[in-house]
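[1] okay, here's the prediction I keep looking at, along with the sequence it came from:
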Amino acid sequence: AQSVTQLDSQVPVFEEAPVELRCNYSSSVSVYLFWYVQYPNQGLQLLLKYLSGSTLVKGINGFEAEFNKSQTSFHLRKPSVHISDTAEYFCAVSDRQNDKIIFGKGTRLHILP
Amino acid sequence: EAGVVQSPRYKIIEKKQPVAFWCNPISGHNTLYWYLQNLGQGPELLIRYENEEAVDDSQLPKDRFSAERLKGVDSTLKIQPAELGDSAVYLCASSRGQLSDTQYFGPGTRLTVL
């Protein structure tokens, strides 16, 4: 069965420091991969997605993610975070064969001044 | 372009009462999703529509939950009767149609069952 694991429920990081939010998935078939962000009191919105091609995907607000098929991972990175990046980040996987989509439990990013 | 609209934003009811949530997707989006989001958790799919057809309702508790999407546009999600454990945020999202397409989420309806 398809599953998505976000290894860290909370990640504290100092402002202007780099950050990596981890996402691993289990699927025996081809997948589409997404990162969504939920700012306080707002709905989820897409940060970036991987469909095919280059394994390094760039998204909005300076975020990027790298698809690693051998490690079944899709970790999200930003080289320098800002206080406005405070939010909850969700990794999601669409199983192309079984026509399913699953979200991870989310990682709350805390930016420390 | 208007976003996904949901109403009400907040709802407080007593257990065993019925409740309904409404969603208006982005114009032209064929696919509509209803999710349940518990505190500290990610969205869990309840039902996915492609136009009027429910193509995935495997996670919808059909003994108390029902949904409809008449005319393939607006959708309503109903719970009858509500239980304490149904307290959560109910999210609606829409997309153009493929699983590769971006989902656009509404602000959600926060349900509290007393």
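    All right, it came through fine.

[2] and the closest residue in space to A:Thr86 that isn't next to it in sequence, how many neighbours does it have?
    Once flanking residues are discounted, A:Thr86 sits nearest to A:Ile111: 5.0 Å by CB to CB, 6 or more residues apart in numbering or on different chains. To be clear about C-beta, it is placed using only N, CA and C from the backbone, and glycine gets the same treatment. If you count neighbours by other CB atoms under 10 Å in any protein chain shown, A:Ile111 ends up with 19.

[3] again, but for B:Glu50
    By other CB under 10 Å, 15 other residues sit near B:Glu50.

[4] just the one 4 residues further on next, same as before
    As a burial measure, the neighbour count of B:Ala54 was computed by other CB under 10 Å and equals 17.

[5] ok, now which ones touch it?
    Residues in contact with B:Ala54 (CB atoms under 8 Å, 6 or more residues apart in numbering or on different chains) are B:Ile47, B:Arg48, B:Ala67, B:Arg69.

[6] and the residue of chain A found nearest chain B, bridged to which residues?
    Going by CB to the nearest CB, chain B is nearest to A:Phe103 of chain A, at 3.6 Å. Note on A:Phe103: beta-bridge partners by DSSP bridges are A:Ala92.

[7] circling back to that earlier point, regarding the residue nearest to A:Thr86, what is its secondary structure?
    Put simply, A:Ile111 is strand when judged by DSSP: H, G, I helix; E, B strand; the rest coil.

[8] just list the residues touching the residue of chain A closest to chain B, thanks.
    Counted by CB under 8 Å, 6+ apart, A:Phe103 has contacts A:Val4, A:Tyr36, A:Phe90, A:Cys91, A:Ala92, B:Tyr35, B:Gly42, B:Pro43, B:Glu44.

[9] also A:Arg22?
    A:Gln6, A:Leu7, A:Asp8, A:Ser73, A:His75, A:Thr107.

[10] what pLDDT does it get?
    On the pLDDT scale, A:Arg22 is placed at 97.

[11] that one and A:His75: what is the separation?
    A:Arg22 sits 5 Å away from A:His75, going by CB to CB, to the nearest Å.

[12] ok, back up a step: ok, the residue nearest to A:Thr86 - contacts?
    So A:Ile111 contacts A:Val13, A:Phe14, A:Glu15, A:Val81, A:His82, A:Ile83, A:Asp85, A:Thr86 (CB under 8 Å, 6+ apart).

[13] any chance of the contacts of B:Ala54 in a markdown table, with neighbour count, secondary structure and pLDDT too?
    Conversion of those to a markdown table gives the following (neighbours: other CB atoms under 10 Å in any protein chain shown; DSSP: H, G, I helix; E, B strand; the rest coil; pLDDT from 0 to 100):
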| residue | neighbour count | secondary structure | pLDDT |
| --- | --- | --- | --- |
| B:Ile47 | 23 | strand | 95 |
| B:Arg48 | 24 | strand | 94 |
| B:Ala67 | 20 | strand | 97 |
| B:Arg69 | 21 | coil | 95 |
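
[14] chain A: which of these is nearest?
    Using CB to the nearest CB, B:Arg48 is the member of the contacts of B:Ala54 that lies nearest chain A, at 8.0 Å.

[15] tell me what that closest one is bridged to.
    B:Tyr33, B:Asp56.
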